[in-house]
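Q: Coordinates for the following, if possible.
(chains A, B, C and D)
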There are 2 protein chains.
Amino acid sequence: MSPTPQERRAARHQLGTGSGAPAGRRGPSGGRKKPITVDAIVSTAFGIVEREGYEALTMRRVASALETGPSSLYAHVVNKEDLDELLIGRLCAEIDLPEPDPATWRQQITSVCARLRDQYLRYPGISRAAFAAAPSNLDTLRISEGMLAILLAGGIAPRTAAWAIDSLMLYVNAYSLEVSLAGSRLGRGDDGWVVSRDELLRRFAALPDTFPHTKRHATELTAGTVHDRFDFTIGLMIDGLRNRGAD
Amino acid sequence: MSPTPQERRAARHQLGTGSGAPAGRRGPSGGRKKPITVDAIVSTAFGIVEREGYEALTMRRVASALETGPSSLYAHVVNKEDLDELLIGRLCAEIDLPEPDPATWRQQITSVCARLRDQYLRYPGISRAAFAAAPSNLDTLRISEGMLAILLAGGIAPRTAAWAIDSLMLYVNAYSLEVSLAGSRLGRGDDGWVVSRDELLRRFAALPDTFPHTKRHATELTAGTVHDRFDFTIGLMIDGLRNRGAD
DNA sequence: GCGCATCGACGAACAGTGTTCTGCATCACT
DNA sequence: AGTGATGCAGAACACTGTTCGTCGATGCGC
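A: Okay, here's the model as predicted:
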């Protein structure tokens, strides 16, 4: 049997599981148009998330899109958690990393973060799955390696670089999740506490006097697009890095 | 009737809903030992999350802890989402904010973040609910106000301060969520990709040569406790702020 | 003192979810 | 041709959040 789902998952985490069975290919595949493969599952899953958001991604939904029952998926995927992991793995794999250049490391690291963010936002809510993904996953590790290379080329001390990468990736995840959540709530109407900027200004103005600073600086508080804030934060962290220099 | 759950929620978001009914108190309360109140619901919910984690917080679980059926809760709480909001509201309300002191603003803001983090970690996984909480909630707004006061006292420009607060709170949330998730996975055994530092070092060493930097700096990558990383990131952001000064 | 309307609490049920068990039809190999 | 294994699929289980209709008791007006 080609590697069982459990073995696949273990391999993704570089865990030696005694090298899977010799893989005596069979294949019933009956009158099926297309046999169910892991890739097919992941692809249709991506389609669902892209169109309807992560919340709509259920095993049944994937199965029916593949014109089969839910149980059929479990021959290729250990879990829903496993499927999530496969998704973020493929998502990370599609991110290409620049050749480290000491002259432009600042811009390079920013660009990688932005690309990661855009990839997350393309599949709304998927960053929720990214939170659960352990750092031992090979695909996410590839990105860490790339970012580490860039920061080291920029002259950042190894320990500082390593920790900064964690911070950056965590922030990118969180940012993407928040934006996705706000967007989905906005999308489905939802009595919506997600409001326009004008409405937000009005509410700040109506605040009791226990919120003096918030009232006074309401315009600054609501200024800028969401992406402006993203760039601001990434810049903040990188600036902090520069001043730390070679530690 | 005392304010319906919907009105309560609206009030929490400073939304004028025509001032609720005159509140003609009744109160059946039958032979009940204790009538079900919003506070009772929130309190038992906190107990469940503290003991068993956020994943164990279901309406049925809360109801049975209150020795009643699930439907009874919906007279006091509009939603599970609403319950989540109440939880993070109460959680935020318990955080006390220091009087802004221009001399120690750096330490003050760090302290508030740490207190927020500890509060989140005390109820594992609850930060997941915090992500969904809109910034229009009065309790979270109180914390924003407090942090804003500190940063302004520190001489940070209003717009910079406002954006930095968003960044900080988002990071604290994300950090707490990640730590909680890792902890819960560790707790329930779980074939666990959450591994010890030694095991992580071993895996890094066994990595293919496509990961040169990761292999070389494995010790730095795995160094430090989780809280060290937290302090590092917060410090990173604050340092970035100082250099921006009054903008 | 009595009836009435009102409102909180509740049991049962519905539409979903992830997951597993069991059987089925089909293929490769002897 | 027979046989064993293999991937597929249907039904079912234990859950989830949420709603409907009813029960019970209460406070008020008379």
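
Q: From here on, just use CA atoms for contacts and neighbour counts.
A: Noted.

Q: and residue A:221, what does it touch?
A: The contact partners of residue A:221, by C-alpha atoms under 8 Å, 6 or more residues apart in numbering or on different chains, come to A:214, B:158, B:159, B:162, B:163.

Q: can we see that at 7 Å?
A: B:159, B:162 (C-alpha atoms under 7 Å, 6 or more residues apart in numbering or on different chains).

Q: Now do the helices in chain A.
A: If DSSP state H is used as the criterion, the helices of chain A fall at A:5-12, A:38-52, A:59-65, A:80-93, A:105-122, A:127-132, A:138-153, A:158-187, A:197-205, A:212-216, A:218-221, A:226-244.

Q: could you dump these to TSV with distance to residue B:110 and mean pLDDT?
A: Shown next, in TSV, are those (distance: least, C-alpha to C-alpha, whole Å; pLDDT from 0 to 100):
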stretch	distance to residue B:110	mean pLDDT
helix A:5-12	38	73
helix A:38-52	37	95
helix A:59-65	43	95
helix A:80-93	32	95
helix A:105-122	25	97
helix A:127-132	24	92
helix A:138-153	26	95
helix A:158-187	16	91
helix A:197-205	26	87
helix A:212-216	20	95
helix A:218-221	21	92
helix A:226-244	15	90
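
Q: Could you name the stretch from those that's closest to residue B:179?
A: helix A:127-132 (10.0 Å; C-alpha to C-alpha).

Q: I'd like the helices of chain A laid out as a markdown table, including distance to residue B:37.
A: Listed next are those as a markdown table, based on distance: least, C-alpha to C-alpha, whole Å:
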| stretch | distance to residue B:37 |
| --- | --- |
| helix A:5-12 | 47 |
| helix A:38-52 | 37 |
| helix A:59-65 | 38 |
| helix A:80-93 | 37 |
| helix A:105-122 | 40 |
| helix A:127-132 | 33 |
| helix A:138-153 | 46 |
| helix A:158-187 | 28 |
| helix A:197-205 | 29 |
| helix A:212-216 | 32 |
| helix A:218-221 | 35 |
| helix A:226-244 | 39 |
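
Q: Tell me which of the ones you listed sits nearest to residue B:108.
A: Closest of these to residue B:108 is helix A:212-216, at 17.1 Å (criterion: C-alpha to C-alpha).

Q: buried ones in that closest one?
A: A:212, A:213, A:214, A:215 (16 or more other C-alpha atoms under 10 Å in any protein chain shown).

Q: Relative to the centre of chain A, find the outermost residue for me.
A: residue A:209 (40.0 Å; C-alpha atoms, centre = their mean).

Q: so how far is chain B from that residue?
A: 11 Å (C-alpha to the nearest C-alpha, to the nearest Å).

Q: picking that back up, closest to DNA strand D out of the helices of chain A?
A: helix A:59-65 (7.8 Å; C-alpha to the nearest atom of the strand).

Q: and the closest one, does that touch DNA strand C?
A: Yes. Counting by C-alpha under 7 Å from any atom of the strand, contacts between helix A:59-65 and DNA strand C involve A:59, A:60, A:61.

Q: want to throw those residues into JSON lines with neighbour count and distance to residue B:13?
A: Converted to JSON lines, these look like this (neighbours: other C-alpha atoms under 10 Å in any protein chain shown; distance: C-alpha to C-alpha, whole Å):
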{"residue": "A:59", "neighbour count": "20", "distance to residue B:13": "36"}
{"residue": "A:60", "neighbour count": "15", "distance to residue B:13": "37"}
{"residue": "A:61", "neighbour count": "17", "distance to residue B:13": "35"}
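
Q: just these that are near DNA strand D?
A: Checked against DNA strand D using C-alpha under 7 Å from any atom of the strand, those give no members in range.

Q: any idea how far residue A:70 is from DNA strand C?
A: Separation of residue A:70 from DNA strand C (C-alpha to the nearest atom of the strand, to the nearest Å): 5 Å.

Q: nope, residue A:122 is what I meant
A: Applying C-alpha to the nearest atom of the strand, the value for residue A:122 to DNA strand C is 20 Å.
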